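In: mind folding the following:
(chains A and B)
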Protein chains: 2
Amino acid sequence: MRVNDERAKPMKSRIEAALLDAIGRTEDGAPPKLAAAIRYAVFPGGARIRPHLCLAVAEACGNDEPALADGMATAIELLHCASLVHDDLPCFDDANLRRGKLSVHRAYGEPLAVLTGDALLVLSFDSLARAAIGRPTRLVGLITSLARAAGTPYGLIAGQGWESEATPSLAHYHRAKTGSLFVAATTGGALASGRDPAPWRMMGELLGQGYQVADDLLDALALPHEAGKPTRQDALLERPNAVLELGVSGAIGHLRDLVSHAAAAVPECPGAGALRELVMQVGERLVPAGLKQTAA
Amino acid sequence: MRVNDERAKPMKSRIEAALLDAIGRTEDGAPPKLAAAIRYAVFPGGARIRPHLCLAVAEACGNDEPALADGMATAIELLHCASLVHDDLPCFDDANLRRGKLSVHRAYGEPLAVLTGDALLVLSFDSLARAAIGRPTRLVGLITSLARAAGTPYGLIAGQGWESEATPSLAHYHRAKTGSLFVAATTGGALASGRDPAPWRMMGELLGQGYQVADDLLDALALPHEAGKPTRQDALLERPNAVLELGVSGAIGHLRDLVSHAAAAVPECPGAGALRELVMQVGERLVPAGLKQTAA
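Out: Model prediction:
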């Protein structure tokens, strides 16, 4: 366990440094308020769970091109930040709070929030491309993976689009909204290290589902100041929520099952054992602290 | 002249086919309304002047990788469509009309308009990457050029961001809003054909400025049904406009000067002569039909 904790530390600094570097490149000469809003949307971050996952998979695959793995991790986190900014807009969730502070449109106004999301989408692809200078042959696969996770028909944007349908496809909705960036993280970590991404999809999908259950627990049980964002929104907006469907202990049991299956789904690779251990460890951290003993 | 018209024809079909192909890839399995809104935002198009310019430059440079040039042309047009959809939103121009029909948010609502712009941004990078499978070494330069034209500090999004500043930098504003995609078109056509993009920047900047003057003429002089979008907006929104500054005949003279300088700025390359002729021809088409005799 100490080994993983030690490895997690430089990983965290690598991610923050890469994000700082990406954001820094956009600022000189930019309209000052937009530049400030972009920085505000990315720092301070949340758990950065998706870029960590991407780097952990890259490490497990040998990580022969660390700059490229860092670039993919950065791109995934920037995409995630972009989607948070746009999802919070008045025409969607109209959320006041995000990561414990005002949402971007509350802090900077709606025009700059739209532009911040747009700019982060662009920066996501730009950062990935710049990281691929030394290994351009891997870039096509990485860009198309990132685009698949972001766009239509199956990415984040499509997931948000299902909310405008009278009869949404729930399977598509969930996979798109919560699974797609986790799949990009696992397959992207493999691709950045020159591995076949296909065997890494299932692990990403299961972790995405697990993370959704953890988010449902947070929405159903936490107070806004604990969650850093509005809670009880799923019941209010009639969105599906695992706690409403399975109860608290059922939801925690389901979360632990998903995490175990995700660990079991780690494909054979040089670092498979350590990665499986890390998945179990991170999975346990997703269970809210007060509820560790609650589950069946 | 006939030679250029003949070449323009297959170019037009190539561009429309590539756009149809890109949009088609996003539809199967997507939320139906979002898919419809995305298609609505791209078809029927305007003059497609930016992708034409990109392909014309690629031809002049030898066009040894036509699929890649088509991919860059497609990416530039998708980016342009994305920016139109977001610029028309209620929090920016609140425009009802675009290309002679309802703007996307008027036809499909604001949530789907935000998502349509987002999806087109993503699709832009995705289409470019897919076109680079046969020549991945050229992809880094193309993606970073596209991102520069789109994002911050100098692209379209930054240009729109200057509208939120109390004291905007007008030079930055103009270059970003009107020049950046023309520069992406000229440098992108060169890059797709394996040429150094730097000598192609000036031509793109001059054409972008010329196109802005043509747009100013349209805004100042045309009726909305002729322009296909609201007119007299610059005076209303206190935006700079060449007609307000120079008068009609002064603006037309300035437009012709810019086009001549753009033609003169075509770098030496196998097809330089034909390209210069094409620039002059297209430039003359930018002068509104009723005003050809007006200029000094």
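
In: from here on, just use CA atoms for contacts and neighbour counts.
Out: Fine.

In: and the gap between residue A:112 and chain B?
Out: Going from residue A:112 to chain B by C-alpha to the nearest C-alpha, to the nearest Å gives 7 Å.

In: which residue does the stretch 1-150 of chain A have closest to chain B?
Out: Residue of the stretch 1-150 of chain A nearest chain B, by C-alpha to the nearest C-alpha: residue A:30 (4.0 Å).

In: look up the pLDDT of the residue positioned nearest the centre of chain A for me, please.
Out: Centroid-nearest residue in chain A: residue A:50, 4.1 Å away (criterion: C-alpha atoms, centre = their mean). Looking at residue A:50, its pLDDT is 95.

In: so which elements touch the one helix or strand it maps to?
Out: Assigned by DSSP states H and E, residue A:50 falls within helix A:49-60. Applying 3 or more C-alpha pairs under 8 Å, 6 or more residues apart in numbering or on different chains; DSSP states H and E, we find helix A:49-60 packed against helix A:2-25, helix A:66-87, helix A:180-192, helix A:272-286.

In: can you redo the ones you listed as JSON lines with mean pLDDT?
Out: Shown next, in JSON lines, are the helices and strands packed on helix A:49-60 (pLDDT from 0 to 100):
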{"stretch": "helix A:2-25", "mean pLDDT": "78"}
{"stretch": "helix A:66-87", "mean pLDDT": "97"}
{"stretch": "helix A:180-192", "mean pLDDT": "97"}
{"stretch": "helix A:272-286", "mean pLDDT": "92"}
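
In: pick the most deeply packed of those helices.
Out: helix A:180-192 (a mean of 30; mean count of other C-alpha atoms under 10 Å in any protein chain shown).

In: for residue A:187, which non-adjacent residue is spatially closest?
Out: Counting by C-alpha to C-alpha, 6 or more residues apart in numbering or on different chains, residue A:197 is the residue found nearest to residue A:187 once chain neighbours are left out, at 4.6 Å.

In: to clarify, my last question referred to residue A:104.
Out: Leaving out its chain neighbours, the residue that sits closest to residue A:104 by C-alpha to C-alpha, 6+ apart is residue A:113, at 5.6 Å.

In: mind checking the SS state of the one you found?
Out: helix (DSSP: H, G, I helix; E, B strand; the rest coil).

In: surely it meets residue A:91?
Out: No: judged on C-alpha atoms under 8 Å, residue A:113 makes no contact with residue A:91 at a distance of 12.0 Å.

In: which of these two has more residues huddled nearby?
Out: residue A:113 (25 against 14; other C-alpha atoms under 10 Å in any protein chain shown).

In: show me the contacts for that one.
Out: By C-alpha atoms under 8 Å, 6 or more residues apart in numbering or on different chains, the residues touching residue A:113 are A:37, A:85-86, A:89, A:104-105.

In: show me what contacts residue A:224?
Out: A:230-231.

In: and residue A:276, what does it touch?
Out: If you count contacts by C-alpha under 8 Å, 6+ apart, residue A:276 has them with A:263-264, A:266.

In: which of the residues you listed sits closest to residue B:124?
Out: Within the contacts of residue A:276, the smallest distance to residue B:124 is 32.5 Å, found for residue A:266 (C-alpha to C-alpha).

In: now the closest one: phi and psi?
Out: Here is the backbone geometry of residue A:266 (degrees, to the nearest 10): phi -60, psi 120.

In: so where is chain A shaky, pLDDT-wise?
Out: Low-confidence segments of chain A (pLDDT under 70): A:1-9, A:293-296.

In: can you get me a residue count around the closest residue to the residue of the stretch 1-150 of chain A closest to chain B other than its chain neighbours?
Out: What sits nearest to residue A:30 in space, not counting adjacent residues and going by C-alpha to C-alpha, 6+ apart, is residue B:153, at 4.0 Å. Close neighbours of residue B:153, defined as other C-alpha under 10 Å, add up to 25.

In: so what's residue B:153 up against?
Out: By C-alpha under 8 Å, 6+ apart, residue B:153 lies in contact with A:26-31.

In: near chain B, which residues of the stretch 151-296 of chain A?
Out: By C-alpha under 8 Å from any C-alpha of the partner chain, the residues of the stretch 151-296 of chain A that approach chain B are A:151-154, A:157-158, A:160-162, A:164-165, A:168.

In: please, a PyMOL command that selects the buried ones among these?
Out: Provided next is the PyMOL selection string for whichever of those are buried by 16 or more other C-alpha atoms under 10 Å in any protein chain shown:
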select buried, chain A and resi 151+152+153+154+157+158+160+161+162+164
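
In: inside strands: which ones of the residues of the stretch 151-296 of chain A next to chain B?
Out: Of these, none are assigned to strands by DSSP state E.

In: so which of the residues of the stretch 151-296 of chain A next to chain B is the closest to residue B:206?
Out: Distances from residue B:206 to these, taken by C-alpha to C-alpha, are shortest for residue A:151, at 33.8 Å.

In: the closest one reaches residue B:123, doesn't it?
Out: Yes: using C-alpha under 8 Å, residue A:151 makes contact with residue B:123 at a distance of 7.0 Å.

In: contacting residues for the residue nearest to the centre of chain A?
Out: Contacts of residue A:50 (C-alpha under 8 Å, 6+ apart): A:73, A:76-77, A:181-182, A:185.

In: got TSV for the residues you listed, with distance to residue A:271 too?
Out: TSV is the format used below for the contacts of residue A:50 (distance: C-alpha to C-alpha, whole Å):
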residue	distance to residue A:271
A:73	18
A:76	22
A:77	23
A:181	22
A:182	19
A:185	16
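
In: for residue A:43, find the nearest of the helices and strands packed on helix A:49-60.
Out: Of all the helices and strands packed on helix A:49-60, helix A:2-25 comes closest under C-alpha to C-alpha, at 8.7 Å.

In: what sits up against the next helix-or-strand element following that closest one?
Out: Of the helices and strands lying after helix A:2-25 in sequence (DSSP H and E), the nearest is helix A:32-42. Outside of helix A:32-42, the residues within contact range by C-alpha under 8 Å, 6+ apart are A:23, A:26-27, A:78, A:81-82, A:85, A:104, A:108, A:112-113, A:115-116, A:119-120, B:158, B:161, B:164-165.

In: pull the CA atoms of helix A:32-42 into PDB?
Out: Provided in PDB are the C-alpha atoms of helix A:32-42 (Å, rounded to 0.1, in the frame of the first residue of the first chain):
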ATOM      1  CA  PRO A  32      -8.200  39.000 -19.100                       C
ATOM      2  CA  LYS A  33     -11.600  38.000 -17.700                       C
ATOM      3  CA  LEU A  34     -11.800  35.000 -20.000                       C
ATOM      4  CA  ALA A  35      -8.300  33.900 -19.000                       C
ATOM      5  CA  ALA A  36      -9.300  34.200 -15.300                       C
ATOM      6  CA  ALA A  37     -12.500  32.300 -15.800                       C
ATOM      7  CA  ILE A  38     -10.600  29.400 -17.500                       C
ATOM      8  CA  ARG A  39      -8.100  29.200 -14.700                       C
ATOM      9  CA  TYR A  40     -11.000  29.300 -12.200                       C
ATOM     10  CA  ALA A  41     -12.700  26.400 -13.900                       C
ATOM     11  CA  VAL A  42      -9.600  24.200 -13.600                       C
END
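
In: if anything else comes up later, I'll come back, but that's it for now.
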